[in-house]
Structure formats: C-alpha cells, structure tokens
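J.: model this:
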Amino acid sequence: MTKSQLSFRLRQNGPQSSRKEPRKKTPAKIQSASKQESNGPGILFPAGDTAFKTLLSARFCAAIWSHISDCDETFNYWEPMHYLIFGSGLQTWEYSPAYALRSYFYLMVHAAPAWIYHKILSPNPLLMFYFIRCLLGFVCAAAEVYFYKAVCKEFGVHIGRICLTFQVFSAGMFISSTALLPSSFAMYTCAAACAAWWQQRFALAVFFTALGSLLGWPFAALLGVPIAFDMLVRKQLYLDFLFWSLISAVVVLGPMVIVDSMLYGRLTIAPLNLVKYNVFGGSGPELYGTEPFSYYILNGFVNFNFVWVLALLSPLAIMMHHFFVPVKNKCTLYLPYWLSLSPMYLWLAVMMFQAHKEERYMIFMFPKLFFEHFSLSGFCFQYTHLSALVEL
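T.: Numbers count the residues shown, from 1 in each chain. From the prediction side, this is the model:
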C-alpha cells in the first residue's frame, strides 16, 4: 500500500510549529519507487504486485468453485479440446466442415499447455480441467492488473483503487474469468487493449483488439472503433494504424487459417464464417431464442447491482461535469472522458437492439463496466477535493 505525496503537502498548509526538523534522506531505490507509485491525492492504493496477488487469488477461487454456466462452453469448447488432447470427443454442427464456424486454432492455444502437462505427468483428466481453468485465471488476472495500472495513470488512483475492489468481488467476473469461451478471451484482450490505448501505446492497442476479434470473438472488433477514431481522426496516425493492423492480422490470422484449413480440409476463415452466418445467414441467431429489450439491463443488475446502475448514469455525470464544474481542470492524462467511456455505450447501442441476447455477449465488457461506474466516483471526488482546497 502506498501513500501519495500530495496529501503530505496539503497537511503542511495547516498550523505548524516554528521549529524546523531536519529532513531525513531517503535511499535512492526507495525514493524512485515512491515517485512511481505516488499518483493520487492523499489516497492509499495497492501497488501492481499487490493488486496482481489479490486478483489472482480471486481468479483461482473461480477456477475451483465456479461451475460451467453455458452449454456452449461444454459442447463447443471442452468436448473438442478433449478430442485434440485424447483423440475422442463429441462434435457439434458448428465444427462441421459444412459450416466451420469455430476455430480449432483457438482451442489449440488453450490445449497446448494441457497436452504438455498430460505428456509429462499423465495426470487425472479432472486435474487437467482445473489446470486449464487456473491458467485462464492467471491470464485474466494479468490482463486485469494491466488494466488497473492504466486506470490509475490515466484517471487517478481514486478511481483505480475502487475499481480494483469491485473487480475482486464481482459476481460477473467470478463466473466469466475462467470460462473457456471466446467472449472471456475477448474480455482479457479488451481490457489489455483499453489499458494500452489509455497509455498511448497504439501498437499494443491495435494488436490486442485484433487478437480478441480474430482469435476470440469477431464481434469484439466493435470495441476497437473508439481506438480507430482516436488514431485516425484525433491523432491522424494513418500509417501507424494501417501498419499495425496489417501486422496484427498476419500474426494472428495467418496461423489460424493454416491450422483450420488443414483440420477442416478446405480453405477456412472461421471468424468470417461466423460473421456471415450470424449477420447474413438467413434465420441467423434468432433461431435460438429471442429476449426483450430490457434483457441486458436486468442481467447487468443481477451481475453488478448498483455498480451497473451507476455505470449507466456516467453519461449524465459527464454532462453535469461539463456544465456545472466551475474549474475545468484536465482530469485525464491523454483522452477526454467521453471517448474513454464510449466503448461500452457503443456496444449497448448495437446489442440491445438485437433480438437474440445472451449473458456471454456482455462478458468481454465487464472490466470496462467497472471503470464506467467509477468515473462517476471520480467526478464526485473532484467536487470534494475542490471544496477542500477552497477551505485551505
């Protein structure tokens, strides 16, 4: 836990004795570390390693105690992974060469560590199941702590600290963090892409967006629209965007097409097939049931209760901040609030009008949702901090 230097400076403004005590010299290593971690105005917040250990503990708990809540996870991912490792398993129609909607390369990325574990130690298959889930939890925790550190740098430790707390205890993160689903994989990459974007690391932002969209779930590319807008319209980084988009496509899509084409027996681009089936494929996903307009509103409240409600109120907070805050201090490092908040609302604007709705379609937005809520806390904090400065 660290404490910022700004709070110390504020306390010096109060009445103090005339006697000045000599300042103690701080060792260089400790001094440099404190400068790196002291970003917030008088707030205690976990450093990166502490946040990672906390998140990893929560994700390991999910790996052990969270049940499989989606039939797609069982029959579209665990069963074909069993086939890749042991040579036997059930096949759904989505893995039929006639449709080829799912990528075997995505499964191989997850099956490779389990296959090595199986060849070296020959464990019980149940242990392999938990081994894979723990690996998923580890990757999720790494992406989350990267997201947390970016929030602290871009928006302040006040927002980052509370965001981390609710990430640890969220029911939605508990069920999604270790799920073997492309939407969960897209959640990891979306969190990493947003973190890289907020730190102006555009190459990583483009790569993680491509990784989640091509290897994970192609519809996650919608969350890359604000990043593309920032690069092309605001920054005018045309060549950088084109270069890193091509590099990411070659690195991710190249091996995927080769592996899937070998296993399906014909040229296969699984993400393209999935988009064609769901968007241009006749009956489309509505064949599997429809839900009312309010489905995502109610589901968000079930998973996040008041956090979800406050996240939906963030646009109102932005408007109030713009019109009623007297001092327009720059409260972010690189991006305006409206652009940072836009991915979630862009996603809701598209998905809420689709007839077929599922909980897993919301999964990869979960880390962003915490930030949406606590940006509202950040606005409230600006009011209290401003009043404190006026009193001093």
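
J.: for residue 272, what are phi and psi?
T.: phi -70, psi -40 (degrees, to the nearest 10).

J.: look at it and say how many residues are nearby.
T.: Residue 272 has 14 neighbours, counted by other C-beta atoms under 10 Å. From N, CA and C alone the C-beta is placed, and that goes for glycine too.

J.: any regions of the stretch 251-392 of the chain where pLDDT drops low?
T.: Filtered on pLDDT under 70, the stretch 251-392 of the chain yields the residue ranges 282-285, 321-322, 325-333, 370-392.

J.: hmm, try it at 80
T.: 281-289, 314-334, 337, 364, 367-392 (pLDDT under 80).

J.: cool, the stretch 51-200 of the chain as well?
T.: Within the stretch 51-200 of the chain, no stretch has pLDDT under 80.

J.: all helices for it, in order.
T.: For the stretch 51-200 of the chain, helices defined by DSSP state H, counting those that start in this stretch occupy the ranges 71-73, 79-86, 104-121, 125-155, 157-169, 171-176, 182-198.

J.: out of the ones you listed, flag the one nearest residue 311.
T.: helix 157-169 (10.6 Å; C-beta to C-beta).

J.: quick one on the thing from earlier: out of the helices of the stretch 51-200 of the chain, which one sits most buried?
T.: With neighbours defined as mean count of other C-beta atoms under 10 Å, the helices of the stretch 51-200 of the chain peak in mean count at helix 182-198, which reaches a mean of 26.

J.: how about the helix or strand just after it as PDB, C-alpha atoms only?
T.: Once the chain leaves helix 182-198, the next helix or strand it forms, by DSSP states H and E, is helix 202-210. Extracted in PDB, the C-alpha atoms of helix 202-210 (Å, rounded to 0.1, in the frame of the first residue of the first chain):
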ATOM      1  CA  PHE A 202      -1.200   2.200 -30.100                       C
ATOM      2  CA  ALA A 203       0.700  -0.700 -31.400                       C
ATOM      3  CA  LEU A 204      -0.400  -2.900 -28.400                       C
ATOM      4  CA  ALA A 205      -3.900  -1.500 -28.500                       C
ATOM      5  CA  VAL A 206      -4.300  -2.500 -32.200                       C
ATOM      6  CA  PHE A 207      -2.700  -5.900 -31.600                       C
ATOM      7  CA  PHE A 208      -4.900  -6.800 -28.600                       C
ATOM      8  CA  THR A 209      -8.000  -5.700 -30.400                       C
ATOM      9  CA  ALA A 210      -7.100  -7.900 -33.400                       C
END
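
J.: am I right that residue 209 is in contact with residue 222?
T.: No - using C-beta atoms under 8 Å, residue 209 makes no contact with residue 222, being 10.0 Å away.

J.: all helices for the stretch 251-392 of the chain, in order.
T.: Assigned by DSSP H, counting those that start in this stretch, the helices in the stretch 251-392 of the chain fall at 270-280, 295-304, 306-312, 314-324, 337-351, 366-391.

J.: for residue 79, find the nearest of these.
T.: helix 270-280 (16.8 Å).

J.: which parts of that closest one are buried?
T.: Of all the residues in helix 270-280, those buried under the rule 16 or more other C-beta atoms under 10 Å are 270, 271, 273, 274, 275, 277, 278.

J.: and it, what does it pack against?
T.: Applying 3 or more C-beta pairs under 8 Å, 6 or more residues apart in numbering; DSSP states H and E, we find helix 270-280 packed against helix 238-264.

J.: from the chain's centroid, how far away is the helix it packs on?
T.: Mean-position distance between helix 238-264 and its chain equals 22 Å (C-alpha atoms, centre = their mean, to the nearest Å).

J.: repeat that for stretch 175-184.
T.: Distance of stretch 175-184 from the chain centroid (C-alpha atoms, centre = their mean) equals 12 Å.

J.: renumber starting at 91 from here on
T.: Understood, numbering begins at 91; the last thing we discussed is stretch 265-274.

J.: how far does it stretch from one end to the other?
T.: From its first residue to its last, stretch 265-274 covers 10 Å (C-alpha to C-alpha, to the nearest Å).

J.: adding distance to residue 185, write the helices of the stretch 341-482 of the chain out as TSV.
T.: Converted to TSV, the helices of the stretch 341-482 of the chain look like this (distance: least, C-beta to C-beta, whole Å):
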stretch	distance to residue 185
helix 360-370	10
helix 385-394	28
helix 396-402	35
helix 404-414	40
helix 427-441	25
helix 456-481	27
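
J.: to residue 449, which of these lies closest?
T.: So among those, helix 385-394 is nearest, using C-beta to C-beta, at 5.5 Å.

J.: quick one, which of residue 299 and residue 312 is more surrounded?
T.: residue 299 (29 against 16).

J.: ignoring the adjacent residues along the chain, who's closest to the more buried one?
T.: In this structure, residue 299 finds its nearest non-sequential neighbour in residue 314, 3.8 Å apart by C-beta to C-beta, 6 or more residues apart in numbering.

J.: right, and that neighbour touches residue 301 too?
T.: No - with contact defined as C-beta under 8 Å, residue 314 does not count as touching residue 301 (10.8 Å).

J.: may I see the buried residues of stretch 325-342?
T.: Burial within stretch 325-342, assessed by neighbour count using 16+ other C-beta under 10 Å, is assigned to 331, 334, 335, 338, 342.

J.: would you mind measuring from residue 167 to residue 328?
T.: Look at residue 167 and residue 328: by C-beta to C-beta, to the nearest Å, they are 38 Å apart.

J.: next: residue 405.
T.: 30 Å.

J.: cool, residue 148 as well?
T.: Per C-beta to C-beta, residue 148 is found 41 Å from residue 328.

J.: just residue 441 next, same as before
T.: From residue 441 across to residue 328, the span is 30 Å (C-beta to C-beta).

J.: same check on residue 378?
T.: Taking C-beta to C-beta, one finds residue 378 at 41 Å from residue 328.

J.: next one: residue 289
T.: Per C-beta to C-beta, residue 289 is found 21 Å from residue 328.

J.: go on, residue 288?
T.: For residue 288 relative to residue 328 (C-beta to C-beta), the value is 21 Å.

J.: hang on, the residue nearest to residue 299 in a strand?
T.: No - per DSSP: H, G, I helix; E, B strand; the rest coil, residue 314 lies outside any strand segment and is helix.
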